[in-house]
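Asks: I would like to see how this sequence folds:
(4 chains)
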There are 2 protein chains.
Amino acid sequence: MFEFFRKYLEDKISIAEADYQLIESVCIFKKLRKHQFLLNEGDVCTHSGFVCKGFLRKYSVDDKGIEHTVYFATENWWISDRQSLMNCTPSSYNIDAIEDAVVLLISKSNIEMLSEKIPAFKDMVNLILQRSLNATQERINYALRSTAEERYSQFLKSFPSLVHRAPRHMVASYLGITPETLSRIRKQISSK
Amino acid sequence: MFEFFRKYLEDKISIAEADYQLIESVCIFKKLRKHQFLLNEGDVCTHSGFVCKGFLRKYSVDDKGIEHTVYFATENWWISDRQSLMNCTPSSYNIDAIEDAVVLLISKSNIEMLSEKIPAFKDMVNLILQRSLNATQERINYALRSTAEERYSQFLKSFPSLVHRAPRHMVASYLGITPETLSRIRKQISSK
DNA sequence: CATTTCTCTTGATATTTATCAAGAATTTTC
DNA sequence: GAAAATTCTTGATAAATATCAAGAGAAATG
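Replies: Residues are numbered from 1 along each chain as shown, chains lettered A, B, ... in the order given. Sure, this is the predicted structure:
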């Protein structure tokens, strides 16, 4: 399974063979069956996850028991609760598998170790951080200025491959609308 | 004006006197009168801004000409369009002064230079990045799960000092509601 | 300090989206 | 492959929020 991550790294940074071995030595692989949890609300997130295979989501649950999807992650995406990881505080999110998955885990301290020993690794982590921030701010901008239909169209454009893999009600919860509303929006779009 | 930034830095990192001088040597100070722009939509953002004094906002304008506030920045906050800065692409945002302001500017290349020469500076930049990402993801989570009233209450709690400095219609646009709706929400809350 | 401009509030009405309910379609499980 | 569970759609109605319009209040400007 490490070869997935190795390919990802090769694509982003240029490091020595010994560095790959160091990285591999701290990687933990976790298989998740559909519906299994990688993180439970209330637990402290201790590892960053890199998705080798499968499809996961991160969501919070409100007082009424309604789930709100804040993030999807598929092959070559990272997933964790950075806030919990950073501050060692209980997470307010759940992460579970939408499809059977294999996730590569690296502990917080090992990420710090790798960042220290391999400068290019640190730079990569920071680049990912910047991209995440850009994407997240774009999402806020869209949420503020677009109607539900526009947000759905944008989602289709941004993540064409996710649309078919994610159950509709999860897409709805990602967009901040109910499944019924999404259903009506889809009907409206298809009739155009 | 540099002393504001120096205090900020002293609070976050521990570096040599020579480093402060290096940092100061690349700082540009810009005075902005109320309503003046730091960044115009369509322009490439070339500098990161640190607010020494005053109050600014970052917003986009939709097809109908309605403004959508994505960010406020007051003393000791950073402001820029990271996406435009990172990729040298035209910005889709405007940044202007809500109050007369003094902003300390550092160019992209000088931030890179400082990051290279002063490791603690780089670490600080990355820490800020992480915090921004956490805050931004929290905002999305709130947008998804809360009513307009809850979002306003949360805004009051998170930024008590901003509420009195920002015109209400800008707060409304930050929350993704109309000024009229905010006015009604405030009435409702005060009657409790 | 009067006037102009901007900001905020309130009311009436329209639109969007949510909620509740039921049945159809699909997927999972044994 | 049949039964059970889940997911998706549709309709009727309710609730939240937007829009339009007008006037009150506050702040900026000459």
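
Asks: please, where are all the helices along chain A?
Replies: With DSSP state H, the ranges of helices along chain A come out as A:2-12, A:17-25, A:82-87, A:108-117, A:119-145, A:148-158, A:160-165, A:168-175, A:179-190.

Asks: what comes up buried for the fourth one?
Replies: Buried residues in helix A:108-117, counting neighbours by 16 or more other CB atoms under 10 Å in any protein chain shown, are found at A:108, A:110-111, A:114-115. (C-beta placed from N, C-alpha, C; glycine too.)

Asks: still on that earlier bit, between the helices of chain A, which gets the lowest average pLDDT?
Replies: Of all the helices of chain A, the minimum mean pLDDT falls on helix A:160-165 (a mean of 88).

Asks: what does that helix contact?
Replies: Contacts to helix A:160-165, defined as CB atoms under 8 Å, 6 or more residues apart in numbering or on different chains, come from residues A:55, A:72, A:74, A:98-99, A:155-156, A:171.

Asks: one more time with 7 Å, if that's ok
Replies: By CB atoms under 7 Å, 6 or more residues apart in numbering or on different chains, the list of residues contacting helix A:160-165 from outside reads A:55, A:72, A:74, A:99, A:156, A:171.

Asks: neighbours around the closest residue to A:Phe155 other than its chain neighbours, how many?
Replies: What sits nearest to A:Phe155 in space, not counting adjacent residues and going by CB to CB, 6 or more residues apart in numbering or on different chains, is A:Leu175, at 6.3 Å. The number of residues packed near A:Leu175 is 22, by other CB atoms under 10 Å in any protein chain shown.

Asks: OK, contacts around A:Leu175?
Replies: A:148, A:151-152, A:155, A:182.

Asks: next one: A:Leu129
Replies: B:126, B:129-130, B:133.

Asks: again, only this time at 6 Å
Replies: B:Leu129 (CB atoms under 6 Å, 6 or more residues apart in numbering or on different chains).

Asks: same check on A:Ile185?
Replies: Taking CB under 6 Å, 6+ apart as the test, what A:Ile185 contacts is A:149, A:152.

Asks: distance of it relative to chain B?
Replies: 17 Å (CB to the nearest CB, to the nearest Å).

Asks: how close does A:Tyr142 get to DNA strand D?
Replies: As judged by CB to the nearest atom of the strand, to the nearest Å, A:Tyr142 and DNA strand D stand 15 Å apart.

Asks: what is the burial count for that residue?
Replies: If you count neighbours by other CB under 10 Å, A:Tyr142 ends up with 17.

Asks: which ones are touching it?
Replies: So A:Tyr142 contacts A:151, A:154 (CB under 6 Å, 6+ apart).

Asks: between the buried residues of helix A:108-117, which sits nearest A:Gln21?
Replies: Closest approach to A:Gln21 among the buried residues of helix A:108-117 (CB to CB): A:Leu114, at 11.8 Å.

Asks: measure the residue nearest to the closest one when sequence neighbours are not counted to DNA strand D for me?
Replies: Using CB to CB, 6+ apart and skipping residues adjacent in sequence, the residue nearest A:Leu114 is A:Phe121, 4.9 Å away. A:Phe121 sits 37 Å away from DNA strand D, going by CB to the nearest atom of the strand.

Asks: what does chain A put close to DNA strand D?
Replies: Neighbours of DNA strand D within chain A, by CB under 7 Å from any atom of the strand: A:167-169, A:179-180, A:182-184, A:186-187.

Asks: buried subset of the residues you listed?
Replies: Buried subset of those (neighbour count, 16+ other CB under 10 Å): A:Leu182.

Asks: could you single out the nearest of the residues of chain A next to DNA strand D to B:Glu138?
Replies: Nearest to B:Glu138 among these is A:His169, at 23.3 Å by CB to CB.

Asks: how near is the closest one to B:Val163?
Replies: 36 Å (CB to CB, to the nearest Å).

Asks: same question, A:Ile185
Replies: For A:Ile185, the distance to B:Val163 equals 35 Å [CB to CB].

Asks: give me the buried positions along stretch A:159-170.
Replies: So stretch A:159-170, judged by 16+ other CB under 10 Å, has buried residues A:162, A:166, A:170.

Asks: ok, stretch A:92-109 next?
Replies: A:93-98, A:101-106, A:108.
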